[in-house]
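Peer 1: here are the coordinates; sequence isn't available:
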């Protein structure tokens, strides 16, 4: 199936409680391999080889440390949108000596937003490709190390593309051995580029002095004329094997500004390059890679992912291919960390959960007890969780408390709300993690980022509205407050969106009295679309939230069904649970056909949406 681009914060409603929201983007887990690294280069616009201050896109010589943090916040939001969790940040000696506060503020903000940061040095002479001044270079790294040596979210890449070191023994002996001698960072957080333009890692990989270090390889579509996926897969294989378990491709790139379709079969070398790279990384069970550049303004670079911080994506067809290579999809509830929507049931009387692994054709069932009678089930990904699996949560009306069961062990509570409220979890702050929300009967929205943070309060909606949460506005990467309102005189349904970035609003007439409203990204642009399901005829009606134009819908389901949406095999799909026969049905609108789904459940349990 064609892989569908889907944003990191996808939202759904729970019919019984009117709402539940999900955000599934985890920070880099502690793993022996590099499959966790879903990377983007926040690249500098100048000063990559000369000893002048290297400013990444959006930061200039007049940027203050506070402003730098704000730009980094925007960049982190851009990256979270597409699944990036690993940011390659450029420095050189002039950066550290001339504007260190700006640099550290930007790096620290990336970390605060859940990003892992690869601090990479560009300090190569344009004349001979060697480190310009070893003493200056080592002093720069000692300054960096003094601040970040104990920070597990920071990695060091000592030198980018050491193209002057054509001799592999010279690179090892003259650069990396001295580097390891004066750096206090653990070797597992050091990333060593291969010789020349980081063209291969097999020599360094075999050097026992660097056994505990990670390795960096680079590859670009412009380097070879290959016109097949398999040729490019072989190209990467030859550069890396057998060290893929400790290698990150810290740069890969192809054309983004020429209108190529990276989802279609093609003999174009750019398309074949991306597909071949991703296929090879997947075939290894996941080797991390980093797109160059994700941001880089003012250079005319035709490989840029974004137009600039907070800007648009140049080529939307590229993103799902990269997500496939990263094995990263956002789904409503992926309890097994496999990138699929899993079937989940909740027993209201006892608080028992049953989860069926959809990635195994509906096989494999896990059960646990979380909650008690009267609780409302929710699914999200808390900031405290460190894996790619969903966390089970309940909100207890009697105490106004969220009870969170982390998928990787442990639990905690968040006090928020009171009886009569409607609970949500969603990515309200752009971090990729679930914030906690309740909507009061007077339509005051109370939002809390963490168990100990303050509560943000705003008003949105009026009596009779159905509250929803989704990223519909397009202005940032945070969840918007949304209500669906039916005019009781005309029967017209309207979605009203409060933009998260500035509190302004827009509306779209869509649906009619009796419809079930939902938010899901069926158009693949990374923003939730307006969706209604009509029980009277089983039709799904979809409006693009960006253009406010209708897109083709489909017929699926009958009166009495429970509708929902989720990712299956990389596509946004409609999902139906039929209480009358306890059967799940999944419809892929792209192929116009069903996907295998189980008969599972009984009258004592309700589907978790």
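Peer 2: Good, I have the coordinates. Note that the structure is predicted; figures quoted are calculated from it, not measured.
Peer 1: Run a quick check on residue 519 versus residue 530, I expect a contact.
Peer 2: Yes - in this structure, residue 519 is within contact of residue 530 by CB atoms under 8 Å, at 7.0 Å. In this view, the C-beta of every residue, glycine as well, is placed from N, C-alpha and C.
Peer 1: So what's the predicted local confidence for the residue of the chain positioned farthest from its centre?
Peer 2: For the chain, the largest distance from the centre (CA atoms, centre = their mean) belongs to residue 489, which lies 42.3 Å off. Predicted confidence (pLDDT) at residue 489: the value is 94.
Peer 1: Where does pLDDT dip in the protein?
Peer 2: Counting by pLDDT under 70, the chain contains low-confidence ranges at 1-32, 46-51, 81, 298-299, 327-332, 337-339, 359-364, 386-388, 474-475, 569-570.
Peer 1: Longest helix in it, please.
Peer 2: helix 65-82 (DSSP state H).
Peer 1: Following the chain past that helix, name the next helix or strand.
Peer 2: Where DSSP states H and E defines the elements, the next helix or strand beyond helix 65-82 is strand 86-91.
Peer 1: Next, the angle helix 65-82 makes with that next one.
Peer 2: Orientation of strand 86-91 against helix 65-82 (axes from the mean of the first three to the mean of the last three CA atoms, to 10 degrees) gives an angle of 150 degrees.
Peer 1: what lines up beside strand 86-91 in the sheet?
Peer 2: strand 38-42 (parallel), strand 116-121 (parallel) (DSSP bridges).
Peer 1: can you list contacts of the longest one?
Peer 2: Contact partners of strand 116-121, identified using CB atoms under 8 Å, 6 or more residues apart in numbering, comprise 27-28, 37, 39, 85-92, 107, 110-111, 137, 140-141, 144, 148, 153-160, 191, 248, 250, 290.
Peer 1: and if we set it to 6 Å?
Peer 2: Contacting residues not belonging to strand 116-121 are listed as 28, 86-91, 107, 110, 153-157, 159-160 [CB atoms under 6 Å, 6 or more residues apart in numbering].
Peer 1: These: which two are farthest apart?
Peer 2: Farthest pair in the contacts of strand 116-121 (CB to CB) is 28 and 159. Separation: 22.6 Å.
Peer 1: Please give me every residue in contact with residue 301.
Peer 2: Here residue 301 is in contact with residue 293 (CB under 6 Å, 6+ apart).
Peer 1: how far away is it from residue 254?
Peer 2: Here the distance between residue 301 and residue 254 works out to 12 Å (CB to CB, to the nearest Å).
Peer 1: Spell out, range by range, the helices that occur in the stretch 151-300 of the chain.
Peer 2: In the stretch 151-300 of the chain, the helices defined using DSSP state H, counting those that start in this stretch lie at 168-171, 177-182, 195-198, 202-206, 229-240, 269-283.
Peer 1: Mean neighbour count, those helices: which tops it?
Peer 2: Across those, averaging neighbours per residue (mean count of other CB atoms under 10 Å) puts helix 269-283 on top, at a mean of 23.
Peer 1: on that earlier part again, ok, residue 28 and residue 159, which is more surrounded?
Peer 2: Each of residue 28 and residue 159 has its neighbours counted (other CB atoms under 10 Å); residue 159 has more, 23 against 20.
Peer 1: what's near enough to touch that one?
Peer 2: The contact partners of residue 159, by CB under 6 Å, 6+ apart, come to residue 121.
Peer 1: begin at 766 from here
Peer 2: Renumbered: residue one is now 766, and that last one reads residue 924.
Peer 1: for the nearest residue to residue 855 once chain neighbours are set aside, what are its contacts?
Peer 2: Ranked by CB to CB, 6 or more residues apart in numbering and with sequence neighbours excluded, the top spatial neighbour of residue 855 is residue 809, at 4.4 Å. By CB under 6 Å, 6+ apart, residue 809 lies in contact with 819-821, 855.
Peer 1: same thing with residue 1109?
Peer 2: Residue 1109 makes contact with 1098, 1120, 1373, according to CB under 6 Å, 6+ apart.
Peer 1: Adjacent strands (with direction) for the helix or strand where residue 1337 lies?
Peer 2: Per DSSP H and E: residue 1337 is located in strand 1336-1343. Next to strand 1336-1343 in the sheet, as set by DSSP bridges, lie strand 1327-1333 (antiparallel), strand 1348-1353 (antiparallel).
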